[in-house]
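Student: This is a predicted model, with the sequence first.
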Amino acid sequence: MALGWEEAREAPVEDGRLRLWLQERLAEQQGRAFLWTPIALTFGIWIYFALMAEPSWIGLAPLAVIAAVLLWLGRFRPWLMIVALVPVGLLLAKAGADNGATPVLRMTMPEKIVTGTVEDRALSGRGRQVFVLRVEAIEGVVPADTPLKLRVSASAKQGEVRVGSHVSFKAFLAPLPTPVFPGGFDYGRQLWLDGIGGTGRAVGPVTAGTDAPPWSLWLDAALEDVRSAIGQRIRAVLQGTDAAIAEALITGERSAIPKDVNLSFQISGLAHVLSISGLHMALAAGGVFWLVRAMLAVFPRLALNYPIKKWAAVAALLAGFFYMLLAASGTATQRSYIMIAVMFFAMLVDRPAISVRNLALAAVIILVLEPDAAISASFQMSFMAVLGLTAFYEFWREWKQRRGVVPAEERHWAVKIGLKIAAGAVGALLTTIIAGAMSSIPAAYHFGRLSPYSILGNGLALPVISLIIMPAALASVILMPFGLEHWPLWLMGKGIGLMMAISDWVAHLPDAALLVPQLPALNAMALATGAALFCLLRGRLRLIGPVVALAAIVMPHGAALPDILVDRAGAAVAFRNGEGGLVPAPGRKGRFSIGKWLVASGDETSPAEAAKRVGWACDQTACTAKVSGKVLAFWRVENSPGSCAGIDILIAAFPLRGACPDIPTRIDRFDLWRNGAYGLRVAEDDTVTIETARGLAGDRPWSQKPLPRKGPYVKR
């Protein structure tokens, strides 16, 4: 229907109003394009790791040209710059992967003599040690196929090793592990990105040389000696779990912390306290900053004539750097130091220390130096938490400026004290709520665990950590060279005891242990994008964020796990019953995989309890069950298989070698060896869709098909 004269006259006005409204909203975003830099780089890095085949540089050349053109044009159009940074992120991820590329083991090799230099070492509990070996040679493996590094476990009784030691031993070697279910966390990929091409288990004595460590590992060896000496000093004052937690907070060594304590901290939302991250770095470096500035302020001549705040910032930077080295320089610790260093550097150049821009700069530095950080849980959780906090701080500062405040000198002293106490309490509560809500998005995706009482746990424990534990830890390290660490460590132990009591109380509240089905990647990305939009946009446009987040919540999630799961070694099989619960076949094998399956399903049941669910009919050699109208059989013992008749899906923990060829779906030990863990989905039309761990991982350098033990891979 054609517009009348009056409607036609008003239409341009409406269009003009809409255009003006959009121009005003976009004007509010002026100068904030840089804040989107880490987001754009992250999306590009995610795209690289989601590819099903490894791209070549020749194939990426056109993308690099397009990115360069967009960057050039983006000088005048910030949105083009943001678009250009997505392919830049992909190229950074490719370059980072190629830079650390290593050959990988493609077969299991029993009792091979391995020689090399210990690059890193950690205790794993129960008298075992895990070390990263810079490989020199592997018996029978040609140099071109020898991994740069191996991750080896050994008993302490087989020989103590230290960083920088040249060692030789016999080991059972294996390829990089594949996910425990199709689409699950790929630990093998993470090892490969760290330059590790295989795993091993020492099967004989580990012989260590007496030569001095190579110059490239001299600092690491010296720091390990310092950590060992600090650990001995701690254990001389504190005992048991108190000593273990104190050592974790000061040196990063967590192996002695009991499992039940770790579980308690996970349920109460305090697990982040046990790993050195942004909280510890901020308290340690911030404590040094406050202490140095307070000491310098005692001298009026210095305080009035010199920039003591900047001097204190330099001292804090140096203290944070030492803390990073002392804590074994883990990736999470390095990222935390970069973030805190950007904040103190802002003080040196007279810029606001706490701002979203500083967070964006720190994130860009991290992503350029370590692109694979974008797919790690620690980076995502810390970035999201700090993004929420800095965005709130920015909003709060602008709100106070618009509202105006009563000058402090016009208030009564009692009002001042009351306002400071109230502001501190409200600030602590809001900080916990915001950080917990933002970090829960990647936590739900990576771990499938939420801590409903984390606000309560952190609200009660953070004052203890901030006012007692970390200041006492800092004082003890400073006083250790003088032998005066006893009283600070004693105080630290009292604080740790109080923190553990808080954690245990919160962990035993009703429904404190909340597992949720693993959040699909697309939903997690949409939720994180919505949160970022809300934090980074200004004005009314920020309401786009909640809309995107709501869409992520209501969009179909799909089934995270298949209907039938098969362990990568054929040790365990489970199916989903009519109520959605996993029912593993009874037995003691494959408990690790079953536990991971249950967690990914949001099921708090233990593997032993889950195996008691009704569904399987078993004898000593085989189990059968009915899944969505299909007869599922799990054969465990090779020499006594049952009848092939009536079986729709057959899983065999041994090679079938042509047996039962008429069964529609057959999976045997050889299939699992080639493809990793299996997942089967049974549709309503009775069709069976098969997924495999290696199939979903694609043709990537860290996910290569294994080779038989006898082949061209091994020297004759």
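Tutor: Structure's in. What do you need?

Student: contacts, neighbours, all on C-alpha from now
Tutor: OK.

Student: Give me the domain ranges for the protein.
Tutor: The record's domain split for the chain, according to automatic domain parsing, is 1-27, 31-99, 109-213, 226-515, 523-554, 564-682.

Student: Work out for me the element residue 502 sits within.
Tutor: In the assignment (DSSP states H and E), residue 502 maps to helix 486-507.

Student: could you dump that helix to CSV, C-alpha only?
Tutor: Taking Å, rounded to 0.1, in the frame of the first residue of the first chain, the C-alpha atoms of helix 486-507 are listed here in CSV:
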residue,chain,number,x,y,z
HIS,A,486,59.2,-18.5,62.5
TRP,A,487,56.6,-16.0,63.7
PRO,A,488,55.3,-14.9,60.3
LEU,A,489,54.9,-18.6,59.3
TRP,A,490,53.2,-19.3,62.6
LEU,A,491,50.7,-16.5,61.8
MET,A,492,50.3,-17.7,58.3
GLY,A,493,49.5,-21.2,59.6
LYS,A,494,46.7,-19.8,61.8
GLY,A,495,45.3,-17.9,58.8
ILE,A,496,45.4,-21.1,56.7
GLY,A,497,43.6,-23.0,59.4
LEU,A,498,40.9,-20.4,59.5
MET,A,499,40.6,-20.4,55.7
MET,A,500,40.3,-24.2,55.7
ALA,A,501,37.6,-24.1,58.3
ILE,A,502,35.7,-21.6,56.2
SER,A,503,36.1,-23.8,53.1
ASP,A,504,35.0,-27.0,54.9
TRP,A,505,31.9,-25.2,56.4
VAL,A,506,30.8,-23.8,53.0
ALA,A,507,31.6,-27.1,51.2
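
Student: related to what we said a few turns ago, list just the one of the domains of the chain that sits closest to residue 688.
Tutor: Set against residue 688 and scored by C-alpha to C-alpha, those come closest in domain 564-682, at 4.7 Å.

Student: now that closest one, how far from the chain's geometric center?
Tutor: Distance of domain 564-682 from its chain centroid, counting by C-alpha atoms, centre = their mean, to the nearest Å, is 30 Å.

Student: and what of stretch 210-230?
Tutor: Per C-alpha atoms, centre = their mean, the centroid offset for stretch 210-230 relative to its chain is 28 Å.

Student: can you pull out the strands in the stretch 601-716 of the chain?
Tutor: In the stretch 601-716 of the chain, the segments counted as strands under DSSP state E, counting those that start in this stretch are 617-618, 622-627, 630-635, 649-652, 665-667, 678-682, 688-692.

Student: Of those strands, which is nearest residue 418?
Tutor: Checking the strands of the stretch 601-716 of the chain against residue 418 by C-alpha to C-alpha gives strand 678-682 as the closest, at 59.9 Å.

Student: Summarise which helices and strands that closest one is packed against.
Tutor: Judged by 3 or more C-alpha pairs under 8 Å, 6 or more residues apart in numbering; DSSP states H and E, the packing partners of strand 678-682 are strand 564-566, strand 688-692.

Student: Can you list the strands that that strand pairs with?
Tutor: Partners of strand 678-682 in the sheet, by DSSP bridges, are strand 564-566 (antiparallel), strand 688-692 (antiparallel).

Student: Identify, out of those strands, the most deeply packed stretch.
Tutor: Of all the strands paired with strand 678-682, strand 564-566 has the most neighbours on average by mean count of other C-alpha atoms under 10 Å, namely a mean of 27.

Student: Give me the contacts around that strand.
Tutor: 181, 572, 573, 574, 575, 576, 651, 677, 678, 679, 680, 681 (C-alpha atoms under 8 Å, 6 or more residues apart in numbering).

Student: doesn't residue 281 make contact with residue 337?
Tutor: Yes. Look at residue 337 against residue 281 with C-alpha atoms under 8 Å: they come within range, at 6.6 Å.

Student: Find residues that contact each of the two.
Tutor: Common neighbours of residue 337 and residue 281, using C-alpha under 8 Å, 6+ apart, are residue 320.

Student: hmm, back to that, rebuild the strands paired with strand 678-682 as a markdown table, extending it with mean pLDDT and distance to residue 294.
Tutor: Shown next, in a markdown table, are the strands paired with strand 678-682 (pLDDT from 0 to 100; distance: least, C-alpha to C-alpha, whole Å):
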| stretch | mean pLDDT | distance to residue 294 |
| --- | --- | --- |
| strand 564-566 | 95 | 61 |
| strand 688-692 | 93 | 60 |
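
Student: Take these and lay them out in TSV including distance to residue 103.
Tutor: Shown next, in TSV, are those (distance: least, C-alpha to C-alpha, whole Å):
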stretch	distance to residue 103
strand 564-566	28
strand 688-692	23
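
Student: rewinding a little: name the residues of the helix holding residue 502 that come out as buried.
Tutor: 486, 488-500, 502-504, 506-507 (16 or more other C-alpha atoms under 10 Å).

Student: Neighbours of residue 157, how many?
Tutor: Neighbour count of residue 157, defined by other C-alpha atoms under 10 Å: 12.

Student: For residue 132, see how far away it is.
Tutor: 18 Å (C-alpha to C-alpha, to the nearest Å).

Student: Over to residue 574?
Tutor: 34 Å.

Student: So between those two, which is more surrounded?
Tutor: Ranked by neighbour count (other C-alpha under 10 Å), residue 574 and residue 132 place residue 574 first, with 26 against 21.

Student: Kindly format the C-alpha coordinates of stretch 517-536 as PDB.
Tutor: The C-alpha coordinates for stretch 517-536 follow below in PDB (Å, rounded to 0.1, in the frame of the first residue of the first chain):
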ATOM      1  CA  PRO A 517      26.400 -30.700  32.000                       C
ATOM      2  CA  GLN A 518      29.300 -29.400  30.100                       C
ATOM      3  CA  LEU A 519      28.300 -26.100  28.300                       C
ATOM      4  CA  PRO A 520      28.600 -26.500  24.500                       C
ATOM      5  CA  ALA A 521      31.300 -24.400  22.900                       C
ATOM      6  CA  LEU A 522      28.800 -22.300  20.900                       C
ATOM      7  CA  ASN A 523      26.700 -21.400  23.900                       C
ATOM      8  CA  ALA A 524      29.800 -20.600  26.000                       C
ATOM      9  CA  MET A 525      31.100 -18.300  23.200                       C
ATOM     10  CA  ALA A 526      27.800 -16.500  23.000                       C
ATOM     11  CA  LEU A 527      27.600 -16.000  26.700                       C
ATOM     12  CA  ALA A 528      31.200 -14.700  26.900                       C
ATOM     13  CA  THR A 529      30.500 -12.400  23.900                       C
ATOM     14  CA  GLY A 530      27.400 -11.000  25.600                       C
ATOM     15  CA  ALA A 531      29.300 -10.400  28.800                       C
ATOM     16  CA  ALA A 532      32.100  -8.600  26.900                       C
ATOM     17  CA  LEU A 533      29.600  -6.400  25.000                       C
ATOM     18  CA  PHE A 534      28.000  -5.400  28.300                       C
ATOM     19  CA  CYS A 535      31.400  -4.500  29.800                       C
ATOM     20  CA  LEU A 536      33.000  -2.800  26.900                       C
END
